[in-house]
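Colleague: sharing a model that was predicted from the sequence below.
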Amino acid sequence: MSYPIKALMCCLVALLLSGCAADSERMLGKARTPVAVSEVQVLMQPPSVAYEAIAQIKVRVQEGFDQQARLKNTIAVLIAKAAKLGANGVIVAGTKEFNAAYNRISTGTAFTEGASFTLSPSAFSRVKLSATAIYLAP
């Protein structure tokens, strides 16, 4: 195989692989000035006070030794993305789905998105956790 064809094939494979693991952000409002990660509050349900929704963020599950570590590392990525958008809070959604997917992958049973997984770290890259990046008035 000639060098240009090899280079093209490598680029195509890289493009395909990056598309499978892509995180996503869907803007719901206007981005604000970025804030420090330490300023972002993690909420598991919408606050009782008024807030402004900035974006819906989805990230693939991050590496970790166990289920808690994976969840903690994934939430850290959500927080970092929210901070870049100027959000001072994230409402984490889908933790029940995350836990169910984790248990299915860990035991090697079928996962609900139409794919069957075995006990493999690469299976976690298909699981995503979502959050709504929000701005809470001080």
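Modeller: It's in. Numbering: from 1, shown residues only.

Colleague: need the distance between the two termini of stretch 37-52.
Modeller: Its first and final residues considered, stretch 37-52 spans 18 Å by CA to CA, to the nearest Å.

Colleague: and it, what's its mean pLDDT?
Modeller: Within the predicted structure, the mean pLDDT of stretch 37-52 is 95.

Colleague: please name the nearest non-neighbouring residue to residue 62.
Modeller: With sequence-adjacent residues excluded and distances taken as CB to CB, 6 or more residues apart in numbering, residue 62 is closest to residue 73, at 3.7 Å. All C-beta spots, glycine's among them, are computed from the backbone N, C-alpha and C.

Colleague: go on, residue 50?
Modeller: Once its chain neighbours are removed from consideration, residue 50 has its nearest residue in residue 137; the separation is 7.0 Å (CB to CB, 6+ apart).

Colleague: right, and the helix or strand after the lowest-mean-pLDDT helix or strand in the chain?
Modeller: The helix or strand of the chain with the poorest confidence is helix 3-20; it has a mean of 45 (mean pLDDT, DSSP states H and E). Read in the C-terminal direction, the helix or strand following helix 3-20 is strand 24-27, with elements assigned using DSSP states H and E.

Colleague: show me the shaky parts of the protein.
Modeller: 1-22, 96-126 (pLDDT under 70).

Colleague: residue 58: neighbouring residues, count only.
Modeller: In terms of burial, residue 58 registers 17 neighbours under the definition other CB atoms under 10 Å.

Colleague: from memory it sits against residue 128, does it?
Modeller: Yes: with contact defined as CB atoms under 8 Å, residue 58 reaches residue 128; the gap is 4.7 Å.

Colleague: between these two, what contacts are shared?
Modeller: Counting by CB atoms under 8 Å, 6 or more residues apart in numbering, the shared contacts of residue 58 and residue 128 are residue 23.

Colleague: quick one: buried residues of stretch 48-58?
Modeller: Within stretch 48-58, the residues that count as buried by 16 or more other CB atoms under 10 Å are 51, 54, 55, 56, 57, 58.
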